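In: predicted model follows, preceded by the sequence.
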Amino acid sequence: MEKKILKDDTDRVDGILKVTGQAKYFAEYELPGLTYGVLVTSTITKGKITGLDTRAAENAPGVIAVVSHLNKPSAAAYEQEGGPQMKIFYTDKIFYNGQPIAIVVANTFERATYAASLVKATYAKEEFNTDFAKALKDPKAKKLQGQADYKRGIENAYKTAEVKLEERYFLPIETHNPMELHGIIADWRPNNQVTVYAKTQGVKATQGTIANVFKIPMENIQVNSEFVGGGFGMALRTWPLEIATVMASKHIGKPVKVVITRMQMFTMVGNRPAAIQTIGLGADKDGKLTGITHRAYGETSTYENFTEGVVNMAKFMYQCDNVNTSYAIVPVDLGVPIWMRGPGEATGAFALESAIDEMAHALDMDPLDFRIKNDPETDQQKNKPFSSKNIKEAYKIGAEKIGWSNRKNKPGSLVEGPWQTGYGVSVGVFNANRGKASVKGVLKADGSLLLQSATSDIGPGTGTGMTLIANKLMKIPVNKITFELGDSSLPPAPSQGGSATLSTVGSAVNDVCVALKSAIAELAANSNMDATANFVEVLKKNNLPAIEVTKESQSGKEKDNYSMYSFSIHFVQVKVHALTGVVKVSKIVSVGDSGTIVSPKTARSQMLGGAVGGIGMALTEESIIDHRYGRYINNNFADYHVPVSADVPEIDVNFINKPDPYINPMGAKGMGEIALIGFSAAVANAVFNATGKRIRTLPITPDKVLA
Amino acid sequence: MINFQYLRTTSVKSAIALLLKDKNAKFLAGGTNLIDLMKRGVTAPEKLIDINHVPLKQIEQIGNKIHIGALATNTAVADHALIKEKLPLLSWALQAGASAQLRNVATVGGNMMQRTRCGYFYDTEMPCNKRQPGTGCGAMEGFNRMHAIFGTSEKCIAVHPSDMCVALTALDAEVVLANGKGERKIAFKDFHRLAGDTPQLDNNLKADEMIIRVEIPVNNLAKNYHYLKVRDRASYAFALVSVAAAFELNNNKITDIRLAMGGVAHKPWRLTASENFLKGKEATLSNFEKAAELAMTGAKGFGENNFKLKLAPNTIIEALNLAKSKA
């Protein structure tokens, strides 16, 4: 059935492939001679490998090789001086428990798994600490500046305010845990030709890392990653396990596939770092903010620093002349963290948006009125106007839909038997990014359009968004447009992260379409055709099977003139059981203010996923470590609690859907992060409204509610 | 690979004969726990005896007892009309357990035989007296938020994770065991053990025995009952605390009552003192509160699980409240 032109409820273009199992994920590629690798991991937390007995493993049935720091192929980059960064696996040093120390390759996965259990390491152990809170208290422990201190007006002005508060907020480690396990298939062939099937949010980034580590030309490396079963940030870099797999393939001269275990997902591919934050807020009696201080500490590893934008929001979200922030990172003996959806901004928003709610309560104001009262007209940090911002309209829509008028300002007012009802609100905000990308377009005489770019789709619906941008401009039906991605040989695009893909790659799609249209118009004029002639006719008349254009696109000086952000408002209703401490999110209304919505269905899905992730962050998710051993305790899907369907109520998703006049030709701003940012604070605020209990440590589990 | 022999049998007699031949053999039913344990290296049986084809799936009333075969799946029992009508507490408890997929394959016998979910038990790099006697208890001074507050020993503070077993304990079920010589019957509440000095033993099943069915007396407890499970998410999470409550009311007087708790001990924890207190009393909140208080005699927290000292009595009260309001 031919799809209608400009239909705005277009389904995900690869939806049928995904639900019928035709979409091929990295682990599903069957290469001739494929072998299977299983990683051996450290069982101590810090120290040195003094011996690695691999004989039993090597003699086990089906084993082809055991590769470790003792016999790995040389990686030029690691032989140079400099940071240990990716040197994990390449050295005898142990930086954390569960670190990959060897890879066993066999002719079946089961044989490799068994042989891996036969590798015996001996160690020289060292003292370690995996407890971030303990490190923070230890005056001797390292604290590294994670971001330059920021100050506007008077430092710590809150301390002298008419109404003031100072509170601390705690966030545990969270683990991304996409359904698809991480891994890679690496095929190192003669003459240093390398093909990989990866799970990556950036095929060009993976290509670049492999080229850099082994010092071989980029063009020798082909990275394929057409479908990705969830990333949430954990696939934004090429991890030591992937480099180890490439090394194993080089060592044995055969393709090697590695798919790590769920347990290894906790130690090999990063996590949202634990954070401890202090917020100081000051206001006058009328509810004008007079001071904001946000001090944050984030967990990092000892071998590599990880920083993110934890304190960004405090600098511009509210009108306030006195703002100061600081952010330090504290190394512990764990694997290095990585961005997890919303990243640092979600961590920061939990603290700031909880504190804003606490201040509204201290002032006896409705927290929504308090936010509106302190909503800035311009960005005080950058001293620039916002490119677009419709927060007040979003507040209004959300408040109406959740039934905010039913909320009582006095906590614990809505009681029905043992259940207490509460309402909470929070804002989310994230940089509206636009990077540089290239897209190739091939317009064919058969009426079809092929678009290509080395971007990724980890689930947001990249192909659908790009298809709809072209559909709108070219008036070509959706089913005649193909968008190809996830292939490093295509025109370059950045990794999929920071809510930038639609803005970045979409702009290049736009430019390609504009160029194709003018090329057709020119051809039409040259062949005495009407300027409005259909491109198929024009191409046929000119005897051309196709025309093609490649365009690189990036932002211009509008970036210097405006402050560009995407915003979201999350409203939640919760029910809290007074006797058991159980919290149920009973209703969610999210409003996105992210410019034009290009693909309504996939945009809505993004907001749904953000809300579910937000429930997890607020109520259930925590990666628990026994600090005596440095090992994770709940590293499986039964004990690491991702929300289940029964935890998720009706989610009412709304969009302002007004174009941003400046950011890009579509007027569309990113929205992957804002779907989650702030959500956990909305829940915590609702729990307070229901019970009068302010919980500043996530997740809000029954024990904390009862305490 | 760690090789094991896979055997399949179709009768109780041959299953026991196979078991007698090899002490390192294990029965395989739903496999929802055993296979995990094998994957994690916690157990490595030399033989797996698949008993799924042994005809033990019956759910029927014989005289004044309901018989449930050891191989009836959790779903089959929970959804069975007879169980829903006469033993709704059991149906509810089963529905509260695991996930739909797991319940579809997990069996009654397997549910009874599942091991604790203590993280230290599953990580072979950590100490655990249950997995490896003598290595110590990792949870005692470690992560013990999920752990026991009743009947603990210095060796082990793990809890039995089942929901079904809590209901069966409350319902005065009996377990029928077959062995080489015949059959024996024990009270369900005596099937599981406290950890004591032998935490490696979860129950009193002997090495040559097989669970063949449970028998539950028909009762008058199908009207006022509730299975309340408090957990960290709404499904597919083990109980922090769960309570099976059922009573018979005559003119608001409690004439018969059953109370048992899960998530608090190495075995399903029957609340006999609370039952005795409530018997003959009115179903009032203050009586429920007093019963809950009585239930907590001897409770002891280990740090992270101290909240259970408050959550447990609260859950008892709420379960009784909900049981009362059900009629």
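Out: On my side now, so go ahead. Numbering: from 1, shown residues only, chains lettered A, B, ... in the order given.
In: quick check, A:Gly613 in a strand?
Out: No. Counting by DSSP: H, G, I helix; E, B strand; the rest coil, A:Gly613 is not found in a strand; it is helix.
In: any idea how far chain B is from it?
Out: Distance, A:Gly613 to chain B, using CB to the nearest CB, to the nearest Å: 14 Å. C-betas here are computed from N, CA, C, even on glycine.
In: how many other residues sit next to that residue?
Out: When neighbours are counted by other CB atoms under 10 Å in any protein chain shown, A:Gly613 registers 24.
In: that one and A:Gly233, how far apart?
Out: Noted for A:Gly613: a distance of 11 Å to A:Gly233, by CB to CB, to the nearest Å.
In: ok, now A:Val687?
Out: 27 Å.
In: next one: the residue positioned nearest the centre of chain B from chain A, what distance?
Out: By CA atoms, centre = their mean, chain B has its centre lying nearest to B:Cys165, at 2.7 Å. The gap separating B:Cys165 from chain A is 18 Å, by CB to the nearest CB.
In: how about that residue, nearest residue that isn't a chain neighbour?
Out: Leaving aside its sequence neighbours, B:Cys165 sits nearest to B:Pro268 (CB to CB, 6 or more residues apart in numbering or on different chains; 4.7 Å).
In: the helix or strand hosting A:Ala102 and chain B in contact?
Out: Assessed by DSSP states H and E, A:Ala102 sits inside strand A:100-106. No. Shown here: strand A:100-106 not in contact with chain B (CB under 8 Å from any CB of the partner chain), separated by at least 9.8 Å.
In: alpha carbons only: can I get stretch A:122-134 in PDB?
Out: The C-alpha trace of stretch A:122-134 is given here as PDB (Å, rounded to 0.1, in the frame of the first residue of the first chain):
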ATOM      1  CA  THR A 122      47.800 -15.300  40.500                       C
ATOM      2  CA  TYR A 123      48.000 -11.700  41.700                       C
ATOM      3  CA  ALA A 124      50.000  -9.400  43.900                       C
ATOM      4  CA  LYS A 125      47.100  -7.600  45.700                       C
ATOM      5  CA  GLU A 126      47.100  -4.000  46.800                       C
ATOM      6  CA  GLU A 127      44.800  -2.000  49.100                       C
ATOM      7  CA  PHE A 128      41.800  -0.600  47.300                       C
ATOM      8  CA  ASN A 129      38.700   1.400  47.700                       C
ATOM      9  CA  THR A 130      35.500   1.200  45.700                       C
ATOM     10  CA  ASP A 131      33.400   3.300  48.000                       C
ATOM     11  CA  PHE A 132      32.900   6.700  46.500                       C
ATOM     12  CA  ALA A 133      31.300   8.200  49.700                       C
ATOM     13  CA  LYS A 134      34.300   6.900  51.700                       C
END
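In: now it: buried residues?
Out: Buried residues in stretch A:122-134, counting neighbours by 16 or more other CB atoms under 10 Å in any protein chain shown, are found at A:Tyr123, A:Phe128, A:Asn129, A:Thr130, A:Asp131, A:Phe132, A:Ala133.
In: how far does it sit from the chain's center?
Out: From the chain centre to the centre of stretch A:122-134 is a distance of 29 Å (CA atoms, centre = their mean, to the nearest Å).
In: what does stretch B:39-49 give?
Out: With CA atoms, centre = their mean, you get 22 Å for stretch B:39-49.
In: what does stretch A:402-416 give?
Out: On CA atoms, centre = their mean, the centre of stretch A:402-416 falls 34 Å from that of its chain.
In: next one: stretch A:205-224
Out: The answer for stretch A:205-224 is 23 Å, by CA atoms, centre = their mean.
In: B:Leu205: neighbour count?
Out: Counted with other CB under 10 Å, the neighbours of B:Leu205 add up to 20.
In: got a list of what it touches?
Out: By CB atoms under 8 Å, 6 or more residues apart in numbering or on different chains, the residues touching B:Leu205 are B:Met113, B:Leu177, B:Phe191, B:Ile211.
In: same deal with A:Arg631?
Out: By CB under 8 Å, 6+ apart, the neighbours of A:Arg631 are A:Thr45, A:Asn97, A:Gly98, A:Ile625, B:Asp123, B:Glu125, B:Met126.
In: surely the fourth one meets A:Gly335?
Out: Right, A:Ile625. No. Look at A:Ile625 against A:Gly335 with CB atoms under 8 Å: they stay out of range, at 11.0 Å.
In: okay, now the unreliable bits of chain B?
Out: Residues of chain B that meet the criterion pLDDT under 70 lie in B:327.
In: tell me the domain boundaries of it?
Out: B:5-52, B:224-326 (automatic domain parsing).
In: using the three-state scheme, assign A:Val246.
Out: Going by three-state DSSP: A:Val246 is helix.
In: quick revisit: so which of the domains of chain B is the most surrounded?
Out: Ranked by mean neighbour count under mean count of other CB atoms under 10 Å in any protein chain shown, those are led by domain B:224-326, which reaches a mean of 21.
In: quick one: that domain to chain centroid distance?
Out: Mean-position distance between domain B:224-326 and its chain equals 16 Å (CA atoms, centre = their mean).
In: thinking again about what came up before, mutual contacts of A:Gly613 and A:Gly233, please.
Out: With CB under 8 Å, 6+ apart, A:Gly613 and A:Gly233 have common neighbours A:Arg341.
In: could you report the neighbour count for B:Pro55?
Out: When neighbours are counted by other CB under 10 Å, B:Pro55 comes out with 10.
In: measure it to chain A for me?
Out: B:Pro55 is 31 Å from chain A, where distance means CB to the nearest CB.
In: list the contacts for that residue?
Out: With CB under 8 Å, 6+ apart, B:Pro55 has these contacts: B:Thr10, B:Gly69.
In: if we can go back for a sec, would you confirm that the residue nearest to B:Cys165 contacts B:Lys189?
Out: Yes. Contact criterion CB under 8 Å: B:Pro268 and B:Lys189 qualify, at 7.2 Å.
In: need the overlap of contacts for those two.
Out: Common neighbours of B:Pro268 and B:Lys189, counting by CB under 8 Å, 6+ apart, are B:Thr169.
In: can you pull the contacts of the residue nearest to B:Cys165?
Out: Neighbour list for B:Pro268: B:160, B:162, B:165-166, B:168-170, B:188-189, B:192, B:260-262 [criterion: CB under 8 Å, 6+ apart].
In: again with B:Lys281
Out: Here B:Lys281 is in contact with B:Lys253, B:Ile254, B:Asn287 (criterion: CB under 8 Å, 6+ apart).
In: and if we set it to 6 Å?
Out: B:Ile254, B:Asn287 (CB atoms under 6 Å, 6 or more residues apart in numbering or on different chains).
In: CA atoms only for stretch B:84-98 - export them in PDB, please.
Out: The C-alpha trace of stretch B:84-98 is given here as PDB (Å, rounded to 0.1, in the frame of the first residue of the first chain):
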ATOM      1  CA  LYS B  84      -9.000 -20.500  42.700                       C
ATOM      2  CA  GLU B  85     -12.200 -21.500  44.300                       C
ATOM      3  CA  LYS B  86     -11.000 -23.500  47.400                       C
ATOM      4  CA  LEU B  87      -7.400 -22.300  47.900                       C
ATOM      5  CA  PRO B  88      -7.400 -18.700  46.500                       C
ATOM      6  CA  LEU B  89      -4.500 -17.800  48.900                       C
ATOM      7  CA  LEU B  90      -2.300 -20.300  47.100                       C
ATOM      8  CA  SER B  91      -3.300 -18.900  43.700                       C
ATOM      9  CA  TRP B  92      -2.500 -15.400  44.800                       C
ATOM     10  CA  ALA B  93       0.800 -16.300  46.200                       C
ATOM     11  CA  LEU B  94       1.800 -18.100  43.000                       C
ATOM     12  CA  GLN B  95       0.700 -15.100  40.900                       C
ATOM     13  CA  ALA B  96       3.000 -12.900  43.100                       C
ATOM     14  CA  GLY B  97       6.000 -15.000  42.300                       C
ATOM     15  CA  ALA B  98       8.600 -14.600  39.500                       C
END
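In: what helices or strands is the lengthiest helix in chain A leaning on?
Out: Assignment by DSSP state H gives helix A:501-526 as the longest helix of chain A. Applying 3 or more CB pairs under 6 Å, 6 or more residues apart in numbering or on different chains; DSSP states H and E, one finds that helix A:501-526 makes contact with strand A:437-444, helix A:462-474, helix A:535-541, strand A:546-553.
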